[in-house]
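J.: got a structure for you, letters missing:
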């Protein structure tokens, strides 16, 4: 799996268009030079969710910045709607795994949620944002999903849109399976995955009182939190999301 | 997610039964003492696929071995059939991730497959077996999935059962999506996930000539190999596997 072609993709916040000169910041410049051993004249792909994906050429490649010239458009901009993932942040490696895999699986928005048993309450937001960019470059998305500042679980309901179903992964509860529930749910989706150790009863009860929330099971085994997040997103995309499109 | 109860589960190859004295080897003894700070008299759960799951008490806990006494049965033995995962082994962390998550997702058999672009050809089988045991203990399975010695991709067909559909994850190909194919497939399933960089054309062509193999897509994005394996197993279990059972 992963790319068989070798053209480097770079997410650019600045405007992209035919003939435009596009500056690349220190992050991409370093990656191009030190990691990818790129040279001036090499071809790259630039993208963002406003202007789509462009063939471009590196014009100048310095230590702390680079510049490139946009050539032709490869893909037009298009919306990339997807499920939302609300999740209790895990410790380092498993948090990274959730963020990277969620981006690959087409998540639209990531919402770190602080619960009573949440292990990791000090998120390095800049680092997480960079991970969403890296994963979007790698998996050939046009958009980079948004990652919100952490939200207390008690405040999740207030910020959750009324027209987006909130699936809540509840373990050791006699609730329908995710696949079963997805057969009857329409419209946009999000899923909430609790911390290792699970939700406290009052947290779960509070959430499940909401008209938009539905408790679901993720199979008969006890999943680690990162497995639950990745597995749930895959099932949601395969059954109701963009894995079904041509 | 993950366990909210604190009883330690230990996989035991020896017989389990009411009143039986069960020796625990150096691995479990070390884990109980050094990692879990257990003491003689503590309660544990012992399990294997022949005798089911048992409540037991630690009788003696030494540095290199321990003994326990089986008390009462918690769950009867039962078969845990599941999908097979054939996969080109990745480098260390990502290989570990595939093995751990596949066990959590109920895989029955793991088959490392050596392809032209496979990165990791020297598997430490003992370490991988230990990982399957650790994950089975954690996720509350009764069985530990089997992990075979690596097989060359050219020999996969010869060892694959005629009555188990082999889904082949093919990227950048105009083939049906996994969810779509699963609607028409019956019986046992397995999936083959290639290495980073994908299969060589001759490898894919060779496999897809077999009557039991079907090429499928895992959505519109380019997934890393470990994401593809985890996502595919989740979708297979949710749609046709034991995520649907009560």
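T.: Perfect, thanks for sending it. Everything numeric here is computed off the predicted structure, so don't read it as measured data.

J.: Where does pLDDT dip in chain A?
T.: Low-confidence segments of chain A, defined by pLDDT under 70: A:1-6, A:245-246.

J.: Helices along chain A, start to end?
T.: Here chain A has its helices, by DSSP state H, at A:26-30, A:92-104, A:125-139, A:153-159, A:178-182, A:201-208, A:225-240.

J.: Deepest in the core, which of these is it.
T.: helix A:225-240 (a mean of 27; mean count of other Cβ atoms under 10 Å in any protein chain shown). Where C-beta positions appear, they are placed from N, C-alpha and C, glycine not excepted.

J.: next one: that helix to chain centre, how far?
T.: Distance of helix A:225-240 from the chain centroid (Cα atoms, centre = their mean, to the nearest Å) equals 12 Å.

J.: tell me the angle of it relative to helix B:92-104?
T.: 70 degrees (axes from the mean of the first three to the mean of the last three Cα atoms, to 10 degrees).

J.: related to what we said a few turns ago, any idea which of the helices of chain A gets closest to residue A:116?
T.: Nearest to residue A:116 among these is helix A:201-208; the distance by Cβ to Cβ comes to 6.5 Å.

J.: Do the closest one and chain B come into contact?
T.: No: figure legend: helix A:201-208 not in contact with chain B (Cβ under 8 Å from any Cβ of the partner chain); closest approach 10.2 Å.

J.: Packing partners of that helix?
T.: helix A:153-159, strand A:164-169, strand A:213-216 (3 or more Cβ pairs under 8 Å, 6 or more residues apart in numbering or on different chains; DSSP states H and E).

J.: does the first one come close to chain B?
T.: Read it as helix A:153-159. No: using Cβ under 8 Å from any Cβ, helix A:153-159 stays clear of chain B, coming no nearer than 14.4 Å.

J.: Which neighbouring elements make contact with that helix?
T.: Applying 3+ Cβ pairs under 8 Å, 6+ apart, one finds that helix A:153-159 contacts strand A:109-114, helix A:201-208.

J.: Can you add distance to residue A:150 and give the ones you listed back as TSV?
T.: Below are the helices and strands packed on helix A:153-159 laid out as TSV (distance: least, Cβ to Cβ, whole Å):
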stretch	distance to residue A:150
strand A:109-114	4
helix A:201-208	15
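
J.: mind giving me the domain split of chain A?
T.: Domain assignment for chain A, taken from automatic domain parsing, gives A:8-75, A:84-240.

J.: Next, report how far the first one is displaced from the centre of its chain.
T.: Right, the one you point to is domain A:8-75. On Cα atoms, centre = their mean, the centre of domain A:8-75 falls 22 Å from the chain's centre.

J.: and the closest residue to residue A:125 other than its chain neighbours, how far is that from chain B?
T.: In this structure, residue A:125 finds its nearest non-sequential neighbour in residue A:149, 6.7 Å apart by Cβ to Cβ, 6 or more residues apart in numbering or on different chains. Applying Cβ to the nearest Cβ, to the nearest Å, the value for residue A:149 to chain B is 23 Å.

J.: Throw the domains of chain A into TSV and include distance to residue B:221, thanks.
T.: What follows is the domains of chain A, written out as TSV (distance: least, Cβ to Cβ, whole Å):
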stretch	distance to residue B:221
domain A:8-75	12
domain A:84-240	4
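
J.: which residues touch residue A:110?
T.: For residue A:110, the contact set (Cβ atoms under 8 Å, 6 or more residues apart in numbering or on different chains) comprises A:84-85, A:87, A:99, A:102, A:128, A:132, A:145-148.

J.: who does it bridge with?
T.: Residue A:110 has these beta-bridge partners by DSSP bridges: residue A:85, residue A:147.

J.: any idea how far residue A:151 is from it?
T.: 11 Å (Cβ to Cβ, to the nearest Å).

J.: go on, residue A:108?
T.: Noted for residue A:108: a distance of 16 Å to residue A:151, by Cβ to Cβ.
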